[in-house]
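A.B. asks: Pasted the sequence and its predicted model underneath.
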Amino acid sequence: MTPTNSTSLVVAPVTSSDLVGTVSWTPNNPIANNPVAFTVNLKNQGTLASASGAHGITLVLKNSGGSTIQTYNGSYNGSLTAGASVNVSIPGTWTAVNGNYTITTTIAADANEITAKQANNISTTSLVVYSARGASMPYSRYDTENATRAGGATLKSAPTFDQSLIASEASGQSYVALPSNGSNLEWTVREGEGGAGVTMRFTMPDSADGMGLTGSLDVYVNGVKAKTVPLTSYYNWQYFSGDMPGDASSAGRPLFRFDEVHWKLDTPLQPGDKVRIQKNNGDSLEYGVDFIEIEPVPAAIARPASSVSVLDFGATPNDGQDDLTAFEAAVNAAVASGKTLYIPEGTFHLGDMWEIGSASNMINNITITGAGIWHTHLQFTNPNAAGGGISLRISGQLDFSNIYLNSNLRSRYGQNAIYKGFMDNFGTNSKIHDVWVEHFECGFWVGDYAHIPAISAKGLVIENSRIRNNLADGVNFAQGTSHSTVRNSSVRNNGDDGLAVWTSNVNGAPAGVNNTFSYNTIENNWRAAAIAFFGGGGHKATHNLIVDTVGGSGLRMNTVFPGYHFQNNTDILFSDTTIINSGTSKDLYNGERGAIDLEASSDPIRNVTFTNIDIINTQRNAIQFGYGGGFENIVFNNININGTGLDGVTTSRFSGPHQGAAIYTYTGNGSATFNNLTTSNIANPNLYYIQSGFGLIIQ
């Protein structure tokens with residue numbers, strides 16, 4: 001007989017205090033030279049009041065290399081009842097310096113806190129100090145113009161932005177070619193810089209069928225070979241007939257001629273070390289190097305306590321086998337348990353699109369973290385349309401971070417690849433941060449096409465990320481995305497708008513409003529514009545750095561695309577932005593585009609302010625207005641234009657021949673007001689080239 005007992009089993013929480021600290025700082029988004037003050041929210045999330053007396057709090061601020069910058073000590077005196085919390089101001093301030101930092105918060109063990117509850121007394125969070133314009137990134141760049149060349153290495157340049165030359169797509173329109181064995185370039189690591197992480201921007205020839213070639217370059221440190229770096233042109237080289245991209249050279253004019261590769265060295269580089277890139281492989285290919293970037297590699301992020309790992313469900317890193325089934329099972333377990341999903345070090349191969357939730361069964365809240373962008377690598381292996389990337393179906397809040405994503409996508413498939421790094425439903429107040437996304441159709445496409453009416457993202461933040469080398473947009477806020485932000489990110493070498501708000505209205509989506517792009521560096525865009533707004537209202541683009549756009553603009557607005565335009569806009573702001581080497585005389589339609597390009601092809605563009613903008617070395621026209629939709633209440637304050645017409649082209653798709661002007665209009669419908677306009681080195685002898693009827697007010 002089996003003994004039975006009808007008494008209920010009661011599992012009670014352990015009796016203990018449980019002190020946790022969460023650090024914050026003022027200002028919330030510090031920039032260089034700001035005095036930064038710290039506050040810790042001390043909470044007792046246990047079941048027992050804490051002991052009386054002093055509770056010590058220690059903050060340790062470290063730089064991206066792990067060196068301690070400053071240590072702060074504070075305390076709270078008194079008992080905290082179970083569930084209570086208090087904000088504790090920490091004595092002392094820190095004068096902010098550009099860069100990436102961590103703050104480790106340690107709460108002293110409480111007398112009423114059992115050992116099992118003390119693991120969370122220590123926590124670490126990231127702090128970014130923004131530069132005045134552009135992203136604060138942990139790497140230091142070494143341009144080829146500043147390298148020592150030897151062995152037949154040659155400097156290639158395109159001073160007039162001639163797009164038939166590969167150098168037109170290089171940073172500063174120059175790179176170093178390595179044509180033969182022994183050709184090399186070398187840099188010395190500067191004082192205060194170094195690290196084990198290296199990124200190289202390179203070019204090499206395509207194959208006749210557009211599927212790319214393979215090769216390699218060698219890396220030497222202080223004269224000793226450290227690594228052979230495999231290279232491929234599989235991902236880059238797109239060819240255009242009009243605005244339609246193709247994959248083989250027969251499709252037309254080439255763009256996307258550079259790509260990137262990154263690697264970790266066994267021994268971190270130190271100031272004074274000499275780093276050499278050299279061709280040794282004996283093949284017939286000419287390689288080109290644009291720059292390298294060197295940075296510290298942080299330690300891998302350990303598995304969070306009480307988390308779900310993809311390893312628990314059979315995923316195995318570095319084995320070349322498809323881990324998608326294990327990833328899907330891990331998501332289900334994380335959702336069911338409410339735990340964080342952890343993806344550890346290594347390369348995980350995913351053979352199809354990773355769907356996190358579905359249109360019919362959306363996920364409320366989930367947190368997904370890797371071990372860091374230098375440690376956790378997701379490789380999507382399927383090259384076919386809709387064969388990879390991450391489809392998010394989030395109804396609540398997502399936190400996704402610390403992962404590098406790459407794919408095997410080679411083609412836009414007639415601009416219908418449906419193969420984004422992240423796409424679909426992003427929920428409300430979600431955060432995607434510290435990710436590295438390259439070689440997708442787009443980095444992020446934020447828009448719902450599965451529901452009627454469309455479910456729009458709200459409050460999304462994308463930050464501290466690298467969005468590079470994608471066939472189309474870096475980030476597109478579509479389908480009513482509102483109150484969302486991209487900040488402190490590197491957006492580089494993308495094949496459509498770097499950052500865009502497209503107020504599409506498919507499936508009844510509302511107009512997107514109040515989106516912000518701030519403190520980003522957008523470089524080497526090879527189509528469209530670095531930043532674009534196509535409708536809605538209340539948007540802001542501030543404190544950005546835009547450099548070396550090819551065949552397009554720095555900032556653009558237009559009313560070309562279907563959806564909502566600017567009918568209800570009351571205020572859009574562009575401010576505190578630098579635009580260097582932008583604009584063109586030869587976009588994909590063989591027309592000119594301004595470094596700032598405003599195109600009212602149908603409805604008017606209205607109620608837009610540009611403040612504190614520097615436009616430097618424009619290929620053609622600095623500021624351009626066009627088409628007959630009209631311009632209303634367009635105001636420019638404190639605009640500095642230095643250099644126009646650097647490409648030397650005078651032919652025009654829109655008007656009569658002209659040299660690059662500070663302000664150019666090919667419409668007579670509308671007006672614009674300029675307050676405190678400064679110009680220098682303007683190619684057009686009249687400074688401005690304005691069509692009759694356009695109201696240009698300069699005061």
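C.D. replies: Right, received. Where do you want to start? Nothing here was measured: the structure is a model prediction, and the numbers come from that model.

A.B. asks: C-alpha from now on. contacts and neighbour counts both.
C.D. replies: OK.

A.B. asks: elements contacting the worst-scoring helix or strand of the chain on mean pLDDT?
C.D. replies: Using mean pLDDT, DSSP states H and E, the weakest-scoring helix or strand in the chain turns out to be strand 122-129, at a mean of 90. Judged by 3 or more C-alpha pairs under 8 Å, 6 or more residues apart in numbering; DSSP states H and E, the packing partners of strand 122-129 are strand 19-26, strand 99-107.

A.B. asks: tilt between it and strand 99-107?
C.D. replies: Here the directions of strand 122-129 and strand 99-107 differ by 150 degrees (axes from the mean of the first three to the mean of the last three C-alpha atoms, to 10 degrees).

A.B. asks: Just the pLDDT for S64.
C.D. replies: pLDDT for S64: 86.

A.B. asks: Output the helices and strands packed on strand 122-129 in JSON lines, with distance to F654, mean neighbour count and mean pLDDT appended to each entry.
C.D. replies: Formatted as JSON lines, the helices and strands packed on strand 122-129 follow (distance: least, C-alpha to C-alpha, whole Å; neighbours: other C-alpha atoms under 10 Å; pLDDT from 0 to 100):
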{"stretch": "strand 19-26", "distance to F654": "50", "mean neighbour count": "20", "mean pLDDT": "95"}
{"stretch": "strand 99-107", "distance to F654": "44", "mean neighbour count": "21", "mean pLDDT": "94"}
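
A.B. asks: I'd like the ones you listed written out as JSON lines, with distance to T228 added.
C.D. replies: Converted to JSON lines, the helices and strands packed on strand 122-129 look like this (distance: least, C-alpha to C-alpha, whole Å):
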{"stretch": "strand 19-26", "distance to T228": "43"}
{"stretch": "strand 99-107", "distance to T228": "29"}
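
A.B. asks: R303 - nearest residue in space that isn't next to it in sequence?
C.D. replies: Closest residue in space to R303, ignoring its immediate chain neighbours: Y342 at 6.3 Å, by C-alpha to C-alpha, 6 or more residues apart in numbering.

A.B. asks: which residues touch that neighbour?
C.D. replies: Contacts here follow C-alpha atoms under 8 Å, 6 or more residues apart in numbering; on that basis Y342 touches 303-304, 307-310, 368-371.

A.B. asks: Please repeat the previous calculation with a cut-off of 10 Å.
C.D. replies: Applying C-alpha atoms under 10 Å, 6 or more residues apart in numbering to Y342 gives the contacts 301-304, 307-311, 330-331, 334, 367-371, 401-402.

A.B. asks: Could you do V40 as well?
C.D. replies: V40 neighbours (C-alpha under 10 Å, 6+ apart): 20-25, 57-59, 74-75, 86-90, 105, 107.

A.B. asks: do the same with D434
C.D. replies: 126, 369-370, 372-373, 400-404, 462-466, 489.

A.B. asks: can you tell me the helix or strand for the residue nearest to R303?
C.D. replies: Using DSSP states H and E, Y342 maps to strand 341-343.

A.B. asks: what does H349 give?
C.D. replies: Assigned by DSSP H and E, H349 falls within strand 346-350.

A.B. asks: what are the bridge partners for the residue nearest to R303, then?
C.D. replies: Bridge pairing for Y342 (DSSP bridges) gives the partners S309, T369.

A.B. asks: and it, how far is that from R393?
C.D. replies: 19 Å (C-alpha to C-alpha, to the nearest Å).

A.B. asks: Please apply the same query to T609.
C.D. replies: For T609, the distance to R393 equals 36 Å [C-alpha to C-alpha].

A.B. asks: Same question for T15.
C.D. replies: Counting by C-alpha to C-alpha, the gap from T15 to R393 is 39 Å.

A.B. asks: same check, this time on S136
C.D. replies: Taking C-alpha to C-alpha, one finds S136 at 31 Å from R393.

A.B. asks: What of Q567?
C.D. replies: Taking C-alpha to C-alpha, one finds Q567 at 31 Å from R393.

A.B. asks: more neighbours, these two?
C.D. replies: Shown here are Q567 and R393; by other C-alpha atoms under 10 Å, R393 has more neighbours (24 against 14).

A.B. asks: so is the more buried one in a helix, a strand, or just coil?
C.D. replies: Secondary structure, DSSP: H, G, I helix; E, B strand; the rest coil: R393 is strand.

A.B. asks: What confidence value was assigned to it?
C.D. replies: pLDDT recorded at R393 is 99.

A.B. asks: If it is in a bridge, with which residues?
C.D. replies: Beta-bridge partners for R393, by DSSP bridges, are N425.

A.B. asks: list the contacts for it?
C.D. replies: By C-alpha under 10 Å, 6+ apart, the contact set of R393 is 355-364, 423-427, 448, 450.
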